[in-house]
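mind folding the following:
(chains A and B)
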Amino acid sequence: MTFAKLFTQVVFTLFLVLIPSMFSAQKAPSLVSKQTTAVDSVEDEFDVNEMIMHHVKDAHEWHLWGSEHEGVSIHLPVILYDNGFVVFNASHFYHGLHVVEKDAKTGEKLSYLVGEGPAEGYALFHEKIYRLSDGKLHFEEGHPHNAMPLDLSITKNVTSLFIGAFLIILIMFSMARFYKKNGAVAPKGIAKFLEPLVVLVQDDIAKANIGEHKYKRYVPYLLTAFFFILLNNLLGMVPILPGGANLTGNISVTLFLALFTLLITVFSGNKNYWRHIFATPGVPIPILIIMVPIEIIGIFTKPIALMIRLFANVTAGHIIILALISLIFINKSVAWSALSVPMALFISILELLVAFLQAYLFTMLSALFIGAAVEEAHH
Amino acid sequence: MDLILPDYGLLFWTALVFCLLLFLLAKFAWKPILNAVNAREQKIHEALELADKTRAEMLLLQAENEKILKEARAERDAIMNDAKQTAVEMVESAKNKAKVEANKIVESAKATIASEKDAAIRDLKNQLAGFSLDIAEKIVRTELSTDAKQKELAEKLADDINMN
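All right, here's what the predicted structure looks like:
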């Protein structure tokens, strides 16, 4: 776990320095927060920043309709590892005590939920679970300093992950059944729709980037990654259940996918690949001293770019749509929907394209990195 | 900031679900799908290749047919020419033969006619001689039918001789 923490810290420091594409996602919320500061002066005003972050981030409930406190939502199970497993329903937070504090320095309003019943001793602040000490959370610069138990809850994103996996299995198994039943014939139905995508991944992504002789081993991973990202991107665009979770726009998910590609690259790397990293042919030794660290960083920056590209693109799309819809609530006028709805529709259509494009890009670049790792030296 | 910090719970579930998904799909979906797709691709490829080969063969066959046809046509023409020539020759020779034959016939007819004429003339001569003799005999008989006449003739003859 400490290694993972260290790794992620290194990763994030690197991407903050190296990847300008990150700023596309960072700009959007800052743009929104500028508007909210003006609104914030009025008490209990519509907080765009919080609303957007609430929609983009993970949650322990699945909000269906209605306002935040009186609406209908499904409370999801909480699983904590805190010297043994603790399992209870998140309703024990949402029905628990609602504490509102003011930050002593900034005057920022901080509200959290104190658990009751089986959730006693824990509190929920910004959908993160903290262990209570002295019956409360201790804030410092807006962040609680309490200990956090390992949260393995079935959150909104985890539920969405299950739904997505279930749908992929349903779709792909029915497609496989078609071929098992009919043999090598022209596809019909769902197979007809998906076959071009499968062939695209196999031929244009795997075969083209990895090479004729070695691509076969990597096709299952590339296909799974492609359809996993594509389906979850599309599910994320559906505003109601079973969609609406921002799964592929969550850094944990893209981190895992990128990690998988990294592991495949590292474990498939042949002699030629490692020689190019540690002893690039034709490079004098003094320059190698500079080159080797760069090359080693290069091993990691590639999957990090993968991780950030997918996360930033998907999250940015969600943020833009939410921000556009928020225009109506900021201005408190339905008339604004004449502007914000067509614009949100336009961005939604763009996001449809992005859903395919990002699935394609992630898979294509993974194949490219794998291809570089297994490439034979050509003399 | 926690938007860009990984959440270990979700990371764990993603890893679990993705690995399960990869295993299940690789075994029960990708394998049959890719097998079928690639088998079909192979089939189509082979069919196309076969079609190309057949087309090439057909072209070859066509060319051969054309050649055979051309040869046959040439042969036919040659035979026709031959036949024509033969026919002309035959007619010519028949004509010549007929002319010769006709000439021969005419010749022989002429000869026959000539000999017949000769025979007829000879016959006529013979008959004429016979007639003449008969006539002469008759005349002589008449002249010498009486004694007086016989005496007259004798005298006449004697006269003739005397005068000489």
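
poorly predicted segments of the chain, please.
All of this is about chain A. Scanning chain A for pLDDT under 70 picks out A:1-44, A:68-69, A:378-379.

that's the wrong chain, I wanted chain B
Filtered on pLDDT under 70, chain B yields the residue ranges B:1, B:164.

show me which residues of it sit near chain A.
Contact residues (CB under 8 Å from any CB of the partner chain) of chain B with chain A: B:2-15, B:17-18, B:20-22, B:24-26, B:28-30, B:32-37, B:39-40, B:43. In short, each C-beta sits where N, CA and C put it, glycine included.

so which residues of chain B form strands?
Under the criterion DSSP state E, chain B carries no strands.

so which of the residues of chain B next to chain A are in helices?
Secondary structure from DSSP state H places B:8-15, B:17-18, B:20-22, B:24-25, B:32-37, B:39-40, B:43 of the residues of chain B next to chain A in helices.

just the buried residues of these.
Among those, those buried by neighbour count (16 or more other CB atoms under 10 Å in any protein chain shown) are B:8-15, B:17-18, B:21-22, B:24-25, B:32-34, B:36-37, B:40.

if I look at the residue nearest to the spatial centre of chain B, how far off is B:Trp30?
Residue closest to the mean C-alpha point of chain B, counted by CA atoms, centre = their mean, is B:Ala83 at 4.6 Å. Separation of B:Ala83 from B:Trp30 (CB to CB, to the nearest Å): 77 Å.

what of A:Ser340?
A:Ser340 is 42 Å from B:Trp30, where distance means CB to CB.

then B:Val100?
Distance from B:Val100 to B:Trp30, by CB to CB: 102 Å.

show me which of these two is the more surrounded one.
Using other CB atoms under 10 Å in any protein chain shown, the more surrounded residue of B:Val100 and B:Trp30 is B:Trp30, with 25 against 10.

ok, the closest residue to the more buried one other than its chain neighbours - contacts?
Closest residue in space to B:Trp30, ignoring its immediate chain neighbours: A:Pro220 at 4.9 Å, by CB to CB, 6 or more residues apart in numbering or on different chains. A:Pro220 is in contact with B:Leu22, B:Leu25, B:Ala26, B:Trp30, counting by CB atoms under 8 Å, 6 or more residues apart in numbering or on different chains.

my read: the second one touches A:Met172, true?
If I follow you right, that is B:Leu25. Yes: the pair B:Leu25 and A:Met172 qualifies as a contact (CB atoms under 8 Å) at a distance of 5.6 Å.

what do the two both touch?
A:Phe227.

show me where chain A has its strands.
Remark: strands assigned in chain A by DSSP E are A:61-65, A:72-75, A:77-81, A:85-89, A:97-102, A:109-114, A:122-125, A:128-131, A:139-140, A:143-144, A:150-151.

how about a markdown table for those strands, with mean neighbour count added?
Shown next, in a markdown table, are the strands of chain A (neighbours: other CB atoms under 10 Å in any protein chain shown):
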| stretch | mean neighbour count |
| --- | --- |
| strand A:61-65 | 15 |
| strand A:72-75 | 14 |
| strand A:77-81 | 19 |
| strand A:85-89 | 15 |
| strand A:97-102 | 12 |
| strand A:109-114 | 18 |
| strand A:122-125 | 23 |
| strand A:128-131 | 20 |
| strand A:139-140 | 15 |
| strand A:143-144 | 18 |
| strand A:150-151 | 18 |
